[in-house]
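Enquirer: Predicted model follows, preceded by the sequence.
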Amino acid sequence: GPITIAYAGRSIAGKGIDWAVEVFRRLEGDKAFETAVYGYIWPDEREDRSLHTQLLRQDRIKYVCAEYRGWSPTVDHNMTEMLRRTDILLLPYRRLSSTVDMPLLLLEGMAANCAIITTDLGDLAAIHGNRRFVVDPRKYIDRSVELIRSASDYLADERRRMAAQVGRLAFDTGTAANK
């Protein structure tokens, strides 16, 4: 079937949702790809919600959005299911200032063996482990489209590499607790 590409995260520009939407627009009509935005907003969000409103009003890009009300087992279940269905996860961060530390979605996507295209910020490249998919933010949209269009050439290998990277980083509870 089609290769599934997803963006997941807050529906604000700082997390790069607008870049992901532009990538999806450039892939529009290509039956080889299925795209989806899994967004959430904070109830008292002060950042611009205009893109969130635009996505709610359109039907070209699958947009699943919720208001974040705190962690629950349902949140974990929904995230796990979304990542299982995702071949390529877009994490187009513009800044990491709204993240307490390493973005957990990067780690979760890696643990789910998604190919991840992210930006070259902070230590993302060291954790990700494959410079080909850690993109200069100024070129994120164009480079992501290139990588996605050539996904059939690398997807299986990148998933194996991601599993090996997760093993090297010891993404298990005991090791993480000790660290």
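Expert: Structure's in. What do you need?

Enquirer: where along the protein do the strands fall?
Expert: With strands called from DSSP state E, the chain shows them at 3-10, 33-41, 62-67, 88-91, 115-119, 134-135.

Enquirer: Could you tell me the least trusted of these?
Expert: Mean pLDDT values for the strands of the chain show the minimum at strand 62-67, a mean of 85.

Enquirer: Packing partners of that strand?
Expert: Under the contact criterion of 3 or more C-beta pairs under 8 Å, 6 or more residues apart in numbering; DSSP states H and E, strand 62-67 touches strand 33-41, helix 50-57. (Each C-beta comes from the backbone N, C-alpha and C, glycine too.)

Enquirer: coming back round to it: what's the closest of the strands of the chain to residue 159?
Expert: Closest to residue 159 of these, according to C-beta to C-beta: strand 115-119, at 6.5 Å.

Enquirer: distance between that closest one and the chain's centre?
Expert: In terms of C-alpha atoms, centre = their mean, to the nearest Å, the centre of strand 115-119 is set 7 Å apart from its chain centre.

Enquirer: now do stretch 80-95
Expert: A distance of 3 Å separates the C-alpha centroid of stretch 80-95 from that of its chain, computed with C-alpha atoms, centre = their mean.

Enquirer: returning to that earlier point: any chance of CSV for the strands of the chain, columns mean neighbour count and distance to residue 56?
Expert: Shown next, in CSV, are these (neighbours: other C-beta atoms under 10 Å; distance: least, C-beta to C-beta, whole Å):
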stretch, mean neighbour count, distance to residue 56
strand 3-10, 22, 15
strand 33-41, 20, 10
strand 62-67, 14, 7
strand 88-91, 25, 20
strand 115-119, 24, 25
strand 134-135, 20, 28
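
Enquirer: nearest to residue 161, of these?
Expert: Once these are compared by C-beta to C-beta, strand 115-119 is nearest, at 9.0 Å.

Enquirer: OK, contacts around residue 7?
Expert: With contact taken as C-beta atoms under 8 Å, 6 or more residues apart in numbering, residue 7 is in contact with 16-17, 20-21, 24, 36-39, 89-92.

Enquirer: how close does residue 78 sit to residue 136?
Expert: As judged by C-beta to C-beta, to the nearest Å, residue 78 and residue 136 stand 32 Å apart.
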